[in-house]
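1. Here is the input, now give the coordinates:
(one chain, ligands or ions: 2)
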Amino acid sequence: MKTIDELLSEGVAGKRVFVRADLNVPLDGTTITDDGRIRAVLPTVKALAEAGARVVVASHLGRPKGAPDPAFSLAPAAARLGELLGADVAFATDTVGDSAQAVVAGLADGQVAVVENLRFNAGETSKDDAERAAFADQLAALADVYVGDGFGAVHRKHASVYDLPARLPHYAGHLIATEVGVLKKLTDDVQRPYVVALGGAKVSDKLAVIDQLLGKADRLLIGGGMAYTFLKAKGYEVGISLLQEDQIPVVTEYLERAEKSGVEIVLPVDVLVAPEFPDLKTKAPAHPTTVAADAIPADQEGLDIGPETRKLYASKLADAATVFWNGPMGVFEHPDYAEGTKAVAQALVDSKGFTVVGGGDSAAAVRTLGFDETAFGHISTGGGASLEYLEGKTLPGLAALED
Ligand SMILES: Nc1ncnc2c1ncn2[C@@H]1O[C@H](COP(=O)(O)OP(=O)(O)OP(=O)(O)O)[C@@H](O)[C@H]1O
Ligand SMILES: O=C(O)[C@H](O)COP(=O)(O)O
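-> Numbers count the residues shown, from 1 in each chain. Ligands and ions are numbered 1, 2, ... in the order given. Here you go, the predicted model:
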């Protein structure tokens with residue numbers, strides 16, 4: 001894989017360089033609540049701009065449905081990138097249309113532009129190769145060189161991640177190089193006990209990774225929205241909690257396999273429930289109730305792990321030599337459901353092992369809950385991406401950067 005260092009030594013002055021970043025930051029309206037993913041791509045953008053490149057930054061944000069949707073505009077991220085760079089950043093109100101073409105044509109050497117959300121175009125995420133290729137052709141017309149630096153999205157076979165690098169000379173940016181360097185340690189020579197904590201809301205995506213993790217980790221702690229499919233597989237009722245009903249047989253098989261192979265799968269023993277999802281805007285008190293994991297009322301939703309589970313998970317993390325954690329333990333954005341995530345974060349801080357936190361919201365949680373980033377071994381910008389890397393999968397966005 002050629003890296004940006006080679007590109008810089010070859011010279012980029014005057015060249016249009018397309019940087020595929022992951023600027024998928026958490027937003028409260030148009031306010032960015034954690035800018036970690038923007039800061040993470042700064043070394044690449046700065047280096048290119050300082051070398052005189054005309055830098056075209058592109059990213060997805062959220063999961064819009066292949067058409068423009070103002071709620072998912074990258075405008076706030078572009079503004080924040082400008083603040084962090086201390087320079088004007090031009091913004092194109094479309095991705096490959098008139099605005100993008102004009103903004104890119106107007107760039108001077110060393111200037112930076114951001115184009116609008118890649119996923120406002122159906123071709124970006126299409127499963128149809130020809131549709132993705134057609135969009136990649138339009139993206140390729142905007143640049144001379146491609147730099148892949150959106151680590152959080154390298155597990156997606158999307159046009160800007162997978163098809164576009166095949167059309168341009170391509171290089172890995174600083175962030176991808178750093179992320180892969182650290183995660184390699186967890187695949188090549190992992191120190192044991194190796195404990196993986198999984199939570200979050202992207203349950204269908206992430207249940208699949210457990211298949212491989214069962215052969216690699218010594219212990220799996222399950223929290224967040226992920227926990228309820230496991231509790232249901234054990235025969236408990238989960239009320240109106242997040243549930244991946246079709247995955248219950250798969251999860252049942254995981255539980256059986258873990259038992260046979262001596263891998264510990266640790267599930268919540270108690271949870272915080274409420275009749276409705278909390279208001280994340282007003283943060284109005286949610287008045288949750290603590291119930292045993294096998295006693296979730298039919299009309300209630302599990303929104304965080306409970307106090308006994310917090311202690312249990314801290315004890316299961318205490319002797320770990322290596323920890324990988326992806327996915328908040330609860331709806332940490334609301335103060336009534338942040339304690340589970342705080343407890344796991346604190347257990348990582350207290351750990352003597354090598355600790356890695358992965359994921360947009362997981363990393364944001366660590367920072368917004370007031371933890372010092374340097375207390376963790378590594379904070380990865382990718383959740384799904386790092387999990388799939390740890391599974392040993394070939395990731396489309398990394399494969400595409402190979403020569
Ligand atoms: N019990 C729960 N029910 C519903 N949502 C939950 C629950 N627990 C956690 N969440 C939500 O999960 C979200 C984060 O999940 P997600 O899987 O996206 O993690 P991530 O760290 O961002 O990883 P990635 O980078 O792969 O997106 C948070 O917004 C949080 O509110
Ligand atoms: O948040 C993430 O994990 C990445 O930005 C990828 O987003 P996606 O899961 O919507 O593809």
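2. Report the separation between the closest residue in space to Gly382 that isn't next to it in sequence and Ala21.
-> Leaving aside its chain neighbours, Gly382 sits nearest to Gly152 (4.1 Å; criterion: C-beta to C-beta, 6 or more residues apart in numbering). Where you see a C-beta, it was placed from the backbone N, CA and C, and this is true even at glycine. To Ala21, Gly152 is 9 Å away according to C-beta to C-beta, to the nearest Å.
3. Quick check: residues of the stretch 201-350 of the chain near ligand 1?
-> Residues of the stretch 201-350 of the chain lying near ligand 1 by C-beta under 6 Å from any ligand atom: 201-202, 224-225, 242, 302-303, 326-328, 330-331, 333.
4. Restricted to helices, list the residues you listed.
-> Here DSSP state H is the test, and these give no hits in helices at all.
5. For my notes, confirm Leu221 occurs in a strand.
-> Yes: with DSSP: H, G, I helix; E, B strand; the rest coil as the criterion, Leu221 is located in a strand.
6. all helices of the stretch 201-350 of the chain, in order?
-> Here the stretch 201-350 of the chain has its helices, by DSSP state H, counting those that start in this stretch, at 203-207, 210-213, 227-233, 248-261, 307-318, 339-350.
7. follow-up on the earlier one: quick check: neighbours shared by Gly152 and Ala21?
-> Common contact partners of Gly152 and Ala21 (C-beta atoms under 8 Å, 6 or more residues apart in numbering): Arg37.
8. which one of these two has more residues nearby?
-> Looking at Gly152 and Ala21 with other C-beta atoms under 10 Å, you find the greater number of neighbours at Ala21, namely 31 against 28.
9. how about the more buried one, what does it touch?
-> Ala21 makes contact with Arg37, Val41, Thr44, Val45, Val57, Ala58, Ser59, Asp149, Gly150 under the criterion C-beta under 8 Å, 6+ apart.
10. ok, the last one to Thr33 distance?
-> When distances are taken as C-beta to C-beta, Gly150 and Thr33 turn out to be 20 Å apart.
11. the more surrounded of these two?
-> Gly150 (32 against 15).
12. from memory that one sits against Asp22, does it?
-> Yes: in this structure, Gly150 is within contact of Asp22 by C-beta atoms under 8 Å, at 3.7 Å.
13. Mutual contacts of those two, please.
-> By C-beta under 8 Å, 6+ apart, the residues touching both Gly150 and Asp22 are Val41, Ser59.
14. start to end distance for stretch 314-328?
-> For stretch 314-328, the first-to-last residue distance is 14 Å (C-alpha to C-alpha, to the nearest Å).
15. Rounded mean pLDDT for that stretch, please.
-> Summarised as a single mean, pLDDT over stretch 314-328 is 97.
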